[in-house]
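Asker: have a look at this prediction, sequence included:
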Amino acid sequence: MKPYVLGIDIGGTNTVFGIVDARGVVIASDSIKTAKHSNIEDYIEELYTEASRLIKANDAEDKIHGIGIGAPNGNYYNGMIIDAPNLPWPSPIPLAQMVSSKFGIPVAVTNDANAAAIGEMTYGAARGMKDFIMITLGTGVGSGIVINGQVVYGHDGFAGELGHMIVKRNNGRLCGCGRTGCLEAYCSATGVARSAREFLEIRTEPSSLRNLPIDQITSKDVYDAAMSGDKLAKDVFEYTGTILGEAMADMMVFSSPEAFVLFGGLAKSGELLLKPLREAMERSMLGVFKGKAKVLLSELKDADAAVLGASALGWEAKPAPAAPAAPVVE
């Protein structure tokens, strides 16, 4: 067997890709901007160019067994991306077919959060666990559900979109998916920035965030302000953690996970987010589940969880079936 696979994690902001060996070591990695191109063909062309450069620089030409891709709304069964709210290209996207045709290598696709869950289960904080939920807190909110050691895909490949649970039934925020009140609209990095803007408009107390153009405030700005003691910014994290914790108490009823593993930029906020999250989760928890679920942070640095998880799919990738021959008309 060829010694490497290529793992690709497609996020709403960046796409990270890496060459991974059979022991799960990321030999080398790089990234491109996901939304830089207005059409998917140009994006795949840049991905091919940069990944090929990485492969050549690491003497891995003709040594890639397969490609595994974690992508928003990536479907494990058919290799398609369908209705991904944080990607700029029209749906559906036959991603596995397009990437396989470009690289000439078998490709397998899954949801980006499912890929992160596979990486965490194999190499990270969920090692040895058979029941856990991975929650990715980035541009959006993704999730990967593992039950009895298996990623849950459902009958159509789209199971586990917990970021689109409705957490505000009345007057909820519009989500990128087109519905209102989704968890993603509140507990993603973009949700934190939205909360900060709302707080600044509603409240009157001083805040260092008022020194920034309101439409340009990012979650990093809110974090920096909170760490410097800004009361309004700290309240934004309290609000965000409370909503996420209450949602996790609801998730607990569904699959009774041993742990929730948090991954992504927002998860690095530490106790600013985790303290209100834990308190809200336990306060909202059905009695039989109280005190049973651990809240863990990913043990894999940066995008490694998603890249490693995606790469695990690369070992399973099979060549796309040949198109059937056209019928002979006599």
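Answerer: Thanks, I have it.
Asker: for the spatially most central residue of the chain, give me its contacts.
Answerer: Geometric centre of the chain, nearest residue: residue 113, 4.1 Å, by CA atoms, centre = their mean. Residue 113 sits next to 70, 134-136, 142-144, 160 when contact means CB atoms under 8 Å, 6 or more residues apart in numbering. The way it works is simple: take the backbone N, C-alpha and C, and place the C-beta from them, glycine included.
Asker: how does it look with 10 Å?
Answerer: Neighbour list for residue 113: 70, 72, 74, 133-136, 138, 140-145, 151, 160-163, 263-264, 305-306, 309 [criterion: CB atoms under 10 Å, 6 or more residues apart in numbering].
Asker: what's the distance between the spatially closest residue to residue 46 that is not a sequence neighbour and residue 53?
Answerer: Excluding its sequence neighbours, the residue lying closest to residue 46 (CB to CB, 6 or more residues apart in numbering) is residue 32, at 5.5 Å. Distance from residue 32 to residue 53, counting by CB to CB, to the nearest Å: 11 Å.
Asker: my read is that residue 101 contacts residue 67, right?
Answerer: No: between residue 101 and residue 67 there is no contact under CB atoms under 10 Å: 11.7 Å.
Asker: got any residues that touch both of those two?
Answerer: residue 107.
Asker: neighbour count winner among residue 32 and residue 53?
Answerer: Neighbour count, other CB atoms under 10 Å: between residue 32 and residue 53, residue 32 has more, with 17 against 11.
Asker: how about the helices in the stretch 201-330 of the chain?
Answerer: Assignment of helices within the stretch 201-330 of the chain using DSSP state H, counting those that start in this stretch yields the ranges 219-227, 231-255, 271-284, 304-316.
Asker: for residue 45, which of the ones you listed is the nearest?
Answerer: Of all the helices of the stretch 201-330 of the chain, helix 304-316 sits nearest to residue 45, with 20.0 Å by CB to CB.
Asker: start to end distance for stretch 75-87?
Answerer: With CA to CA, to the nearest Å applied, stretch 75-87 spans 15 Å between its terminal residues.
Asker: just the buried residues of it, please?
Answerer: 75-76, 79-82, 84-87 (16 or more other CB atoms under 10 Å).
Asker: got it, and stretch 50-60?
Answerer: Quick answer for stretch 50-60 (16+ other CB under 10 Å): 51, 54-55, 60.
Asker: for the residues you listed, which one is nearest residue 193?
Answerer: Nearest member of the buried residues of stretch 50-60 to residue 193, counting by CB to CB, is residue 51, at 31.2 Å.
Asker: rewinding a little: could the helices of the stretch 201-330 of the chain go into JSON lines alongside distance to residue 128 and mean pLDDT?
Answerer: JSON lines is the format used below for these (distance: least, CB to CB, whole Å; pLDDT from 0 to 100):
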{"stretch": "helix 219-227", "distance to residue 128": "32", "mean pLDDT": "97"}
{"stretch": "helix 231-255", "distance to residue 128": "17", "mean pLDDT": "98"}
{"stretch": "helix 271-284", "distance to residue 128": "22", "mean pLDDT": "97"}
{"stretch": "helix 304-316", "distance to residue 128": "16", "mean pLDDT": "85"}
